[in-house]
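Student: The sequence and its predicted three-dimensional model are supplied below.
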Amino acid sequence: MSDVLFTAGSSRLPSGRIELAIDQEGGLTVRRLTAERTETRNGTVDHAVHQRLRAALKTTPGTPGRGQDVGLAEESAARRLTLGESSWADGTDNPVPPVGRLLEALAVQLLQPLEYGQLPFAVVRSETSGDDALAGVVTGATAAPADGAAAGAGSGTADGAVAVGPRPSAAIGTVGGAPAYALAAGAAGFDLGRLPGGTSLGGSDGEAGLLPTAVALAEVEGRELFALGATDGAVQVWDADTGALVHGTSGGEGAQLVAAALIGGVPLVFSGGSRGELRAWQAEDGRGLGLLPLGGEGVTALLHARVAGLDLAVAAAPDGTVRVWDAARGAQLHLLVGHSAPVTALAVLPLGEQALLATGGRDHEIRLWDLATGKPVAEFSGHSATVTGLAFAEFEGRPVLYSAALDNTLRSWDVHAAEALGGRPAGGSWLTGLATVSTPGGVVQLVSGDEHGRIRFWELKGGKPVGGCEPEGAAATGPVPVNGLAVGELHGRPVLAAGYGDGRVRLWDAGTRTELYVLEPDGGPVSSVAVLADPDGPVLVVGTVAGAVRCHRLRDGAPLSVPTPHTGPVTALAFAAPVPGAGPVLLTGGADGTVRIRHALDGLPIRQLSAHQGGVTALVVGELGGRRVLASAGRDRVVRLWDVDAGQPGPVLDGLATPAEVLALGTLDGRAVLLAGCTDGAVRGWDVLGGHSVADLPGGSAEVRSLVCQVLDGEVLVAAGDESAVLRLWHLASGSLVNEAPLDRVPLAIAFGDTGLHVVGPGGPVTL
């Protein structure tokens, strides 16, 4: 197939135009162009995309010739599609056909993977990783991130690219009972020091391998703690007085695939990201139990199986290899080599003391392996696109392997004879998953998920469809794919857990085909689901594209734990003091748009909040009416209030012209007020209970980097420092500017002390 070129107005994106190119090997390049910058993403598309484009355009002749190239100066929202020597353009006699929506969806999913899941997980894969996966590769005249971009991360490329590294940040608190500061200086490491004077108490340099992005200092139940967040999502907490590490998490690892099992009486979750190693977690509290090594390559398929008394964890890596471990001992049993592309589907058939493993991949091949020896048994060819689902079932007394793929077909294979039995089209839809379920009558049926969010049941004999499940309102909201499908049992009846591209998870009664409940999005589009059969109650495990792993009680969807770290830079940190019935917690905000809440002293996860799609920029926490209240700000130009202990959202405070980069709490006339310092230099204030505006303090045009509200001599004062190294002091009640002074450094943190006003900036502290 010839190269595909497509341009369009970015109707689903904030601004600019989309340029998309697909080469004959499936390489995908997407650019979003505005007058200020160009954002570029690279990836690959499945052969199924070529198949659909070819079929659609064959019946819709275009205009001979490649047409005019559309550049950045093109203001029209008209779309143009070129394939070989034919072209289609809106507003002409040959407009872009409906298949153009597929190309728009490809572009959107590659540019904003954490927000949109219009296409099945297997159709398009990004080739960017690390910080670039969140912030994109930016070229052009400016390094400043747009409002919708992730904060604090970026990567340079050739031809005028600008590299955006982590910005410095600071906090002021106490160490050893005396005033102290913490300064994160990005590539230069971090430093703890005394106030005033700046005597160093320890730190790291740029050789430590940790790029700090946010810091916090607080006294927690008699211990002075120092918390640090990094570009890779890692969070570490130290005893600031002794320097001992209290707890920490590693960095995020991208979209998560999950499996789960009861091993040695312990409910365990296995999770693997698009990079990194395979992790084991305790489902009930998210406590990490260890790693199974993949060489940092990441996971493309994952399952658990119990065979001959052994609990096996099976994980496929992007290089096409498959590893098999004894999960209880953490010992690798086999390394299976044979596929020429990533493996995307796995299934196990127990045979007494033996077992067979089926693997299917992006090379369109299916392979059988003897799990006792690790030797290949058979190869099956027939699919013409990525294999997305495999399931074993017994049919007429013999084991049969069933497969689903993005070529819109279901196929069956005789295991003992190692030959094809047949296949059938599945209605023109890309199939995204496959499982078997035993109905209440004891009849085994196949279950498939597809690109339109439909779940369909199929007879084993003849492959006849026998009903299905479709979310209510799907026609009104638009179709989203089923990205994960798992079978479980609840109250003695079979149930289906399905995860969707819009981030929702639905539980279906497999017998009545009715929806039992739906879990709202939390952590981006769903990438996989699993059901853990725990005697204390089955557990639903969910992996998301944003890198989160969530555990829920299967019977009602109640959350249990969120064990994974942030999937991008940590942008804000805050400690919350204990209240009756709840201990101290550490709150972290990230460029992935989430706020994570953990126990401050042991790091155990409590919950995750989906706060701001474009990324969290600031956090502050306080107590109001005996409840801990969190305020978060984001790139979406709003400030949100949350109940820390219940995890419930409160009022949304809007009206900001630009995002808020720093927050502060205070009191005015006996009422709690929230202040926000913005990128346009303004400071806005709200009454926390009423939600109405109480202050609009204009500053300069430079971004506010530090903010504090303090009562001095009975008057409420607000101090703010900005990016142009200017410090301003306001009288809050009147809104009048009291003082304005230039500094010799950007004030990253400010605090009123006994000896004056402490200011911490690049290079250390100064006291005014």
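Tutor: Sure thing, it's come through.
Student: so where is the stretch 551-700 of the chain shaky, pLDDT-wise?
Tutor: The stretch 551-700 of the chain contains residues with pLDDT under 70 at 562-563.
Student: Would you map the strands across it?
Tutor: 559-561, 570-576, 585-590, 594-599, 605-610, 616-624, 627-634, 639-643, 649-653, 660-668, 671-678, 683-687, 693-697 (DSSP state E, counting those that start in this stretch).
Student: Count the neighbours of Leu278 for me.
Tutor: 26 (other C-beta atoms under 10 Å). Yep, even glycine has a C-beta here, placed from its N, CA and C like the rest.
Student: mind listing the helices for the chain?
Tutor: 47-58, 100-111, 132-135, 474-477 (DSSP state H).
Student: Could you pull up phi and psi at the closest residue to Pro479 other than its chain neighbours?
Tutor: Distance criterion C-beta to C-beta, 6 or more residues apart in numbering; nearest residue to Pro479, sequence neighbours excluded, is His452 at 3.9 Å. As for His452, its main-chain torsions (degrees, to the nearest 10) stand at phi -100, psi 10.
Student: my guess is His452 contacts Pro471, does it?
Tutor: No - counting by C-beta atoms under 8 Å, His452 stays clear of Pro471, with 10.0 Å between them.
Student: of the two, who's got more company?
Tutor: Taking neighbours as other C-beta under 10 Å, His452 and Pro471 compare with Pro471 leading, 21 against 17.
Student: Check the spacing between the more buried one and Pro479 real quick.
Tutor: Using C-beta to C-beta, to the nearest Å, Pro471 is found at 9 Å from Pro479.
Student: Mutual contacts of those two, please.
Tutor: Gly453 (C-beta atoms under 8 Å, 6 or more residues apart in numbering).
Student: on that earlier part again, save the strands of the stretch 551-700 of the chain as a markdown table, and put in mean neighbour count too.
Tutor: Output for the strands of the stretch 551-700 of the chain, formatted as a markdown table (neighbours: other C-beta atoms under 10 Å):
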| stretch | mean neighbour count |
| --- | --- |
| strand 559-561 | 20 |
| strand 570-576 | 27 |
| strand 585-590 | 27 |
| strand 594-599 | 24 |
| strand 605-610 | 22 |
| strand 616-624 | 22 |
| strand 627-634 | 24 |
| strand 639-643 | 21 |
| strand 649-653 | 16 |
| strand 660-668 | 22 |
| strand 671-678 | 23 |
| strand 683-687 | 22 |
| strand 693-697 | 17 |
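Student: how about low-confidence regions in the stretch 101-250 of the chain?
Tutor: Ranges of the stretch 101-250 of the chain meeting pLDDT under 70: 128-165, 205-210, 250.
Student: at 80 what do you get?
Tutor: Applying pLDDT under 80 to the stretch 101-250 of the chain flags residues 113-116, 127-166, 186-187, 204-210, 232, 248-250.
Student: now the strands for it?
Tutor: Listed in chain order, the strands of the stretch 101-250 of the chain (DSSP E, counting those that start in this stretch) span 124-126, 137-140, 169-175, 178-184, 190-194, 200-204, 212-220, 223-230, 235-239, 245-249.
Student: do the stretch 301-450 of the chain as well
Tutor: Using DSSP E, counting those that start in this stretch, strands in the stretch 301-450 of the chain cover 301-307, 310-316, 322-326, 331-336, 343-351, 354-361, 366-370, 376-380, 387-395, 398-405, 409-414, 419-425, 431-438, 444-450.
Student: give me the number of residues near Val638?
Tutor: Other residues close to Val638 by other C-beta under 10 Å number 18.
Student: dump the residue contacts of it.
Tutor: Listed by C-beta under 8 Å, 6+ apart, the contact partners of Val638 are 612, 652-654, 656.
Student: Return the backbone torsion pair for it.
Tutor: Main-chain torsions, Val638, degrees, to the nearest 10: phi -130, psi 160.
Student: One more: Asp713?
Tutor: According to degrees, to the nearest 10, Asp713 has phi 50, psi 40.
Student: count of neighbours near it?
Tutor: Using other C-beta under 10 Å as the criterion, Asp713 is surrounded by 5 other residues.
Student: try Leu689
Tutor: Leu689 has 15 neighbours, counted by other C-beta under 10 Å.
Student: From Pro535, how far off is it?
Tutor: Distance from Leu689 to Pro535, by C-beta to C-beta: 46 Å.
Student: Could you do Ala646 as well?
Tutor: Distance, Ala646 to Pro535, by C-beta to C-beta: 29 Å.
Student: the more surrounded of those two?
Tutor: Ala646 (12 against 8).
Student: Next one: that one from Asp687, what distance?
Tutor: For Ala646 relative to Asp687 (C-beta to C-beta), the value is 22 Å.
Student: Can you name the residues that contact the closest residue to Asp450 other than its chain neighbours?
Tutor: Nearest residue to Asp450, sequence neighbours excluded (C-beta to C-beta, 6+ apart): Ser429, at 4.1 Å. Ser429 sits next to 408, 450-452, 454 when contact means C-beta under 8 Å, 6+ apart.
Student: now Ser610
Tutor: Ser610 touches 521-523, 593-594, counting by C-beta under 8 Å, 6+ apart.
Student: Dump the residues you listed into CSV; add distance to Asp239 as well.
Tutor: Putting those into CSV (distance: C-beta to C-beta, whole Å) gives the following:
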residue, distance to Asp239
Pro521, 37
Asp522, 32
Gly523, 31
Gly593, 31
Thr594, 27
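Student: ok, of those residues, which one's closest to Leu729?
Tutor: Nearest to Leu729, judged by C-beta to C-beta, of the contacts of Ser610 is Gly593 at 33.5 Å.
Student: doesn't Val545 make contact with the closest one?
Tutor: No - counting by C-beta under 8 Å, Gly593 does not reach Val545; the two are 11.8 Å apart.
Student: which of the two has more neighbours?
Tutor: Comparing Gly593 with Val545 by other C-beta under 10 Å, the one with more neighbours is Gly593, at 29 against 26.
Student: who touches the more buried one in this structure?
Tutor: Contact partners of Gly593, counting by C-beta under 8 Å, 6+ apart, are 114, 546, 610-616, 634.
Student: same thing but 6 Å
Tutor: Taking C-beta atoms under 6 Å, 6 or more residues apart in numbering, we find Gly593 in contact with 612-613, 615.
Student: how much space between it and Ala55?
Tutor: 37 Å.
Student: Would you mind naming the residues that bridge with Arg627?
Tutor: Arg627 forms beta bridges with Leu624, as assigned by DSSP bridges.
Student: same question but for Leu707, I mixed them up
Tutor: Beta-bridge partners of Leu707, as defined by DSSP bridges: Ala720.
Student: show me the residues around it that make contact.
Tutor: Residues in contact with Leu707 (C-beta under 6 Å, 6+ apart) are 662, 664, 675, 677, 720.
Student: Next: Ala280.
Tutor: By C-beta under 6 Å, 6+ apart, the neighbours of Ala280 are 268, 270, 289-290.
Student: How about it: what's its closest non-neighbour residue?
Tutor: Leu289 (4.4 Å).
Student: Check His247 too.
Tutor: Leaving aside its chain neighbours, His247 sits nearest to Gly603 (3.4 Å; criterion: C-beta to C-beta, 6+ apart).
Student: Can you get me a residue count around that neighbour?
Tutor: Here the number of neighbours of Gly603 (other C-beta under 10 Å) works out to 18.
Student: what separates it from Pro565, distance-wise?
Tutor: Distance from Gly603 to Pro565, by C-beta to C-beta: 10 Å.
Student: same thing with His304?
Tutor: 23 Å.
Student: out of those two, which sits in the busier spot?
Tutor: Per other C-beta under 10 Å, whichever of His304 and Pro565 has more neighbours is Pro565, with 26 against 21.
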